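1. sequence unavailable; structure follows:
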């Protein structure tokens, strides 16, 4: 069995995290693959840790305030050879694990999908953005929809901890 790890950076939004984790859990893995979910949350946000644990994820508290630092902390707990990155407010496509594994098995050390979906708690709406349209602009990959070979991240010491976004 091959293993992949979702890394979820949580930012003091436990209700969003509670809505996002079941979607990640429901996404099917290709034959021969399995996945885990690692949630990096700020140590002053224990509610997110409780929600992650209840959802069967590994909760990793950290003092890091930004997503890059949280992801670096989460990397210490991953078991997977393939890392899928997301945030607590990003609803991922259920097809993402299949597409990430296909790219990884084709030899790509970095891949991504050109879409993200964000959930807005106040309205209950999900906004979908796709960068694959024909706008004449180069294709854009959403940072929270990127997939990494674990050794690539290890070779480059993960993400810049001070970056507020990817």
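-> Yep, it's here. Just so it is clear, the structure is predicted and the values come from calculations on it, not from any experiment.
2. list the buried residues of the helix or strand where residue 50 lies.
-> Counting by DSSP states H and E, the element that carries residue 50 is helix 46-54. Residues of helix 46-54 classed as buried by neighbour count (16 or more other CB atoms under 10 Å): 48, 49, 51, 52. Glycine gets a C-beta too; all of them are placed from N, C-alpha and C.
3. hmm, who's touching the longest helix along the chain?
-> Of all the elements of type helix in the chain, the one with the most residues (DSSP state H) is helix 14-26. With CB atoms under 8 Å, 6 or more residues apart in numbering as the test, helix 14-26 has contacts from 6, 8, 10, 37, 39, 41, 45, 47-48, 51-52, 55-57, 86, 88-92, 94, 119, 121.
4. just the buried positions in that helix, please.
-> Quick answer for helix 14-26 (16+ other CB under 10 Å): 14, 16, 17, 18, 19, 20, 21, 23, 24.
5. what residues sit buried inside stretch 87-100?
-> Result for stretch 87-100 [16+ other CB under 10 Å]: buried residues 87, 88, 89, 90, 91, 92, 93, 96, 97, 99, 100.
6. and which of those residues is nearest to residue 158?
-> residue 87 (15.8 Å; CB to CB).
7. per-residue pLDDT of the closest one, please?
-> Looking at residue 87, its pLDDT is 88.
8. coming back round to it: let me see the mean pLDDT of the longest helix of the chain.
-> 92.
9. what's the spacing between the nearest residue to residue 98 once chain neighbours are set aside and residue 78?
-> Excluding its sequence neighbours, the residue lying closest to residue 98 (CB to CB, 6 or more residues apart in numbering) is residue 30, at 5.4 Å. Noted for residue 30: a distance of 19 Å to residue 78, by CB to CB, to the nearest Å.
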